[in-house]
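# Okay, here's the prediction I keep looking at, along with the sequence it came from:
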Amino acid sequence: MIKRNAVETVLGAVVLVVAALFLFFAYTTSEVRAVSGYELTARFDRVGGLRDGADVRISGIKVGTVTQQVLDPKTFEAVVTLSVRQDIKLPVDTVAAITSSGLLGSDFVSLTPGNEDDFIKPGGTIAHTQPPMDLQSLIGQYIFSQGSSGQNKPSQPNNAPAKP
C-alpha cells in the first residue's frame, strides 16, 4: 500500500512539472505581454470580436496592443485605444483595419502606414479605419444571390425538346 502511494505521488509530481514546463514554454514563445509605448485612438463602425489585449500589427509583426475599447455615446462609434511601440512612427494617412488570423483565429488591428511626411503625434487619432468583414453577411448575400439568380430562368424539363 505504501509503495503504491509513493508511485502515485511521484507520478503526480512529474505531471505537475511537465504542466509547469508547458506553461513556461507557451508564455515565453507567445507575445502575450502588452507593448508599452505611446497611445493612439481609432474609431470604427463596429469592432467584431476584437478584445482588449489584442495585437496591433504592421506587416504581420506585433508592434502594439489594444488597451481599451469604449462606445462614444454621441456617435455610437467604437473608440479603440492602441499602445504602439515608441520606435514606430506612423504617417498621418495610416489605415487601421480589424482583421482575423483565419476563420477560427482571433481578431487584431492591422496598420498599413501611408506615405505622408507628417506623423501622428502621441495621443492622436488614426483617421482612416476599416471595420472587420462580416462573414455571416457575406455568406447570406451569396446564398441570396444564388437563390434569386435561379428564379429568373424558365423551368423546362431536361428531356423536353427545345422549341424552335
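Received, thanks.

# Every contact and neighbour count from this point should use C-alpha atoms.
OK.

# helices or strands up against the strand or helix carrying Ile98?
If you go by DSSP states H and E, Ile98 is part of strand 95-100. Using 3 or more CA pairs under 8 Å, 6 or more residues apart in numbering; DSSP states H and E, the elements in contact with strand 95-100 are strand 107-112, strand 128-130.

# Let's test this: name the helix or strand in this protein with the lowest mean pLDDT.
Using mean pLDDT, DSSP states H and E, helix 135-151 stands out as the lowest-scoring helix or strand of the chain, at a mean of 74.

# Could you list the buried residues of that one?
If you call a residue buried by 16 or more other CA atoms under 10 Å, then helix 135-151 has no buried ones at all.

# likewise stretch 94-108?
Quick answer for stretch 94-108 (16+ other CA under 10 Å): 94-100, 107-108.

# That one: how far from the chain's middle?
With CA atoms, centre = their mean, to the nearest Å as the basis, stretch 94-108 stands 3 Å off its chain's centre.

# what comes into contact with it?
42, 47-51, 54-57, 109-114, 126-133 (CA atoms under 8 Å, 6 or more residues apart in numbering).

# Just say which of the helices and strands packed on strand 95-100 is most tucked in.
strand 107-112 (a mean of 22; mean count of other CA atoms under 10 Å).

# After that one, heading C-terminal, what element do we hit next?
Assignment by DSSP H and E places the next element after strand 107-112 at strand 125-126.

# strand partners of that following strand, parallel vs antiparallel please.
strand 37-44 (parallel) (DSSP bridges).

# Filter the contacts of stretch 94-108 down to the buried ones.
Judged by 16+ other CA under 10 Å, buried ones among these: 42, 47, 50-51, 54-57, 109-113, 126, 129-132.

# right, and Glu77 touches Arg46 too?
Yes. With contact defined as CA atoms under 8 Å, Glu77 reaches Arg46; the gap is 7.0 Å.
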